[in-house]
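K.L.:
Give the three-dimensional model of this entry:
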Amino acid sequence: MDDQNKNLLLASALSFAVILVWFILFPPEQQAPATFDDAAEQQDAATVPNAATAGNSGVAEPTEAVAEAPRVPIDTPNVDGTISLLGGRLDDLNLKQYREDVDPESPEVRLLSPAGTEDAYFASFGWAAVTGVAGDAVPTPDTLWTLEDGETLTPDTPVTLAWDNGAGQIFRTEIAVDDRFMFDITQSVENTGETEIAVRPYGLLRQYGVPSDLSNFFILHEGLVRMSDGELEELKYNGIEDYAVDPAEGTNAERVDVQGSGWIGYTDHYWQTILIPGEGTPFRSTSKYFPTRDIFQAEAVQPSVNVAPGATAAVTTQLFAGAKEWDTIRDYQQAGVSNFIDSIDWGWFFFLTKPIFWLLYHIDQVIGNMGWSIIVLTFVLKLLVLPLAYKSYVSMAKMKELQPEMEALKERAGDDRQQMQQGMMKLYKDNKVNPAAGCLPILIQIPIFFSLYKVIFVTLDLRHAPWVGWINDLSAPDPSSILNLFGLLPWGVPDPASIFAIVSLGVLPILLGVSMWLQQKLNPTPADPTQKMIFAWMPWVFMFMLGSFASGLVLYWITNNTITFLQQYVIMRSHGAKPDVFGNIRESFRRNKTAVANDNKKGK
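P.N.:
So this is what the prediction gives:
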């Protein structure tokens, strides 16, 4: 086995080791539950309605009441739906510019759904009683509001909901929306009574069960996302379940933070719903799970406000409910939502993924086709790391030149390992060769290309983005199949969910396998039978393994392999080596034929 192949295998093994050690040494930070400043805050927090408390929020969701409650239409350039007057719930929201599949006539993506429907998920805003007002005299997610002002919620026409508790207080919720995905919720309370009251405003997101379309892929975060004083926290759904609320046992293992500013919500692959109290407003964010109802609940609870007789108090909370569009989220951050761009899952290599995405985004703005943009981006990144690649290939070439002397040294040393090591060190020193120089540049490149992989996987811009011909969705696997000769034969192919789909290879996965195979042929086939078998099967194993990956990712791998092949070929030629690619291909076929003939002779 030549040193170049040894370095390749060593680099692969070391890369997996680096990632494994990174996971062990730097796991995602788990914030411990924070304590309240005093007992009064504890009492205030306990009054917020939740999904497991009898009475106000109802252990059994009033689905009939939800269905029968009056609704207020929502109509903007980017979202449509309705608001239920039961609880003032934003529980019916569709994203107008996004469809469930590539068919432009398919249904709009549904982000929020009423209780009692599949994947029920809604936002609601209310007040918790503190002093001077009874617990049943404040609005909850089940309060029936009246429409006081407005008819349809649009960017130009906000709506106002009102509720009179009959005890001297009138609560109002004004809902406004911009032309993208941000709602402004202004909660106010007018005290017409004779005594001062104290109430605590909150917003909550209630999600029924884990979303059915969860991808469950290790590279992607889906679940709770929270920003607390500049510190990002991400917790997957199975992690949220560790903080369960069990009212039967009187336990409340809620996950609580006290913070100066930030936001909290839930995120998935392409969409998110985030509660954002006013910039700089201290608020308590809470994540809860109710196992008896299989309900996840995120809360943003603001400080209590005192309202004197005859006075009115108001607070505003923003609600982002929409697509994780980089430019849109960036604009909201520039408008005052602190660190909002971090709601996109950039991963641990954020210092690389952020600039890589920025570059991909702007390349696409010029080209207008995400497939070609991925190819151009891969070229740019390979150009940036060319000095490292050059150093690596040069080191490999020098090691290859020393191969005859290494073989001679092995014959002289025999079984004397010490003499062998001393001879190798002298050989390296006399020829000014660093044996580690071939691997280290490769290892340095690993974070860069892992970050590119991350960007291509998580970016919304690839969803339903066409490239050429049959590739009409770069976020989905190649739809062509070798089983029907890529559409030339009249029968169908296995469903993607079928176990037989693994053999239904499309054009791109096959090109990926071929590109890896050709890259191997820059060097002669190893003489060792085990090594030869590993190298012979590796491209085709990867072809089947990666065949079901998103077309955009496979396109990146093909481009990367092709550029690497050309780089290595040119550098080897520039240092006197003459890679015989076609000769190595012919040699591998001759060896295969010889092996088959020998097997046949043994069978006889």
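
K.L.:
elements contacting the helix or strand hosting residue 351?
P.N.:
For residue 351, the host element (DSSP states H and E) is helix 350-367. If contacts are counted by 3 or more CB pairs under 8 Å, 6 or more residues apart in numbering; DSSP states H and E, helix 350-367 sits against helix 326-334, helix 370-384, helix 440-458. C-beta: built from backbone N, CA, C; applies to glycine.

K.L.:
just so I know, which of the ones you listed lies nearest residue 223?
P.N.:
With CB to CB, the closest approach to residue 223 among those belongs to helix 440-458: 14.2 Å.

K.L.:
picking that back up, would you mind pulling the contact partners of the helix holding residue 351?
P.N.:
326-327, 341-342, 346-347, 370, 373-374, 376-377, 380-381, 447-448, 451-452, 454-456, 459, 461 (CB atoms under 8 Å, 6 or more residues apart in numbering).

K.L.:
Next, residue 468: secondary structure please.
P.N.:
coil (DSSP: H, G, I helix; E, B strand; the rest coil).

K.L.:
Likewise for residue 553?
P.N.:
Residue 553 falls in the helix class when you classify it by three-state DSSP.

K.L.:
Count the residues that sit near it.
P.N.:
Residue 553 has 21 neighbours, counted by other CB atoms under 10 Å.

K.L.:
Isn't it up against residue 458?
P.N.:
No. Residue 553 lies out of contact with residue 458 (CB atoms under 8 Å); the separation is 10.9 Å.

K.L.:
what residues go with each domain of the chain?
P.N.:
Split into domains by automatic domain parsing, the chain comes to 1-26+348-461, 43-343, 463-548+581-604.

K.L.:
Could you give the average pLDDT over the last one?
P.N.:
If I follow you right, that is domain 463-548+581-604. In this model, domain 463-548+581-604 carries a mean pLDDT of 73.

K.L.:
Give me the most central residue, this structure.
P.N.:
Residue closest to the average C-alpha location in the chain (CA atoms, centre = their mean): residue 220, at 3.4 Å.

K.L.:
Check for me that that one belongs to a strand.
P.N.:
No. Going by three-state DSSP, the assignment for residue 220 is coil, not a strand.

K.L.:
got the contact list for it?
P.N.:
Neighbour list for residue 220: 269, 345, 457, 458 [criterion: CB under 8 Å, 6+ apart].

K.L.:
One more pass at 6 Å, please.
P.N.:
residue 458 (CB atoms under 6 Å, 6 or more residues apart in numbering).

K.L.:
Look up how far residue 214 lies from it.
P.N.:
10 Å (CB to CB, to the nearest Å).

K.L.:
ok, now residue 391?
P.N.:
43 Å.

K.L.:
Ok, which of the helices and strands packed on helix 350-367 comes nearest residue 298?
P.N.:
Between the helices and strands packed on helix 350-367, helix 326-334 lies closest to residue 298; by CB to CB that is 18.3 Å.

K.L.:
Output the closest one as CSV - backbone C-alpha positions only.
P.N.:
The C-alpha coordinates for helix 326-334 follow below in CSV (Å, rounded to 0.1, in the frame of the first residue of the first chain):
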residue,chain,number,x,y,z
TRP,A,326,-31.6,34.4,6.2
ASP,A,327,-32.1,37.8,4.8
THR,A,328,-35.4,38.2,6.6
ILE,A,329,-34.1,37.2,9.9
ARG,A,330,-31.0,39.4,9.4
ASP,A,331,-33.3,42.4,8.8
TYR,A,332,-35.2,41.7,12.0
GLN,A,333,-31.9,41.5,13.9
GLN,A,334,-30.8,44.8,12.4
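
K.L.:
Tell me which stretches of the stretch 201-350 of the chain form strands.
P.N.:
Per DSSP state E, counting those that start in this stretch, the stretch 201-350 of the chain carries strands over the ranges 223-228, 231-236, 245-246, 251-252, 255-259, 262-267, 271-277, 283-290, 295-301, 305-307, 312-323.

K.L.:
Give me the average confidence score over the third one.
P.N.:
Okay, so that is strand 245-246. 70.

K.L.:
And the longest one, by the same measure?
P.N.:
Per-residue pLDDT values across strand 312-323 average out to 96.

K.L.:
For it, which residues meet the burial criterion?
P.N.:
Buried positions in strand 312-323, judged by neighbour count with 16 or more other CB atoms under 10 Å: 313, 315, 316, 317, 318, 319, 320, 321, 322, 323.

K.L.:
cool, and stretch 185-205?
P.N.:
By 16+ other CB under 10 Å, the buried positions in stretch 185-205 come out as 185-191, 193, 197-205.

K.L.:
Tell me which of those fall in helices.
P.N.:
When DSSP state H is applied, these are split such that none fall in helices.

K.L.:
Restricted to strands, list these.
P.N.:
Judged by DSSP state E, strands contain the following of the buried residues of stretch 185-205: 185-191, 197-205.

K.L.:
Which two among the residues you listed are spaced furthest apart?
P.N.:
The widest separation within those (CB to CB) is 28.5 Å, between 191 and 205.

K.L.:
how deep is residue 151 tucked in, by neighbour count?
P.N.:
10.

K.L.:
Next, it: secondary structure please.
P.N.:
coil.

K.L.:
Where does the prediction get shaky in the stretch 101-250 of the chain?
P.N.:
246-250 (pLDDT under 70).

K.L.:
Name the residue in residue 391 and residue 214 with the higher neighbour count.
P.N.:
Higher neighbour count among residue 391 and residue 214: residue 391, with 18 against 14, using other CB under 10 Å.

K.L.:
Kindly calculate the angle that the helix or strand the more buried one falls within makes with helix 440-458.
P.N.:
Following DSSP H and E, one finds residue 391 within helix 386-401. Using axes from the mean of the first three to the mean of the last three CA atoms, to 10 degrees, the inter-axis angle of helix 386-401 relative to helix 440-458 is 130 degrees.

K.L.:
Which strands and helices lie in contact with helix 386-401?
P.N.:
With contacts defined as 3 or more CB pairs under 6 Å, 6 or more residues apart in numbering; DSSP states H and E, helix 386-401 has these neighbours: helix 3-25, helix 440-458, helix 551-574.

K.L.:
Would you single out the least confident of the ones you listed?
P.N.:
When I compare those, helix 3-25 is least confident, with a mean of 43.

K.L.:
Sounds good, over and out.
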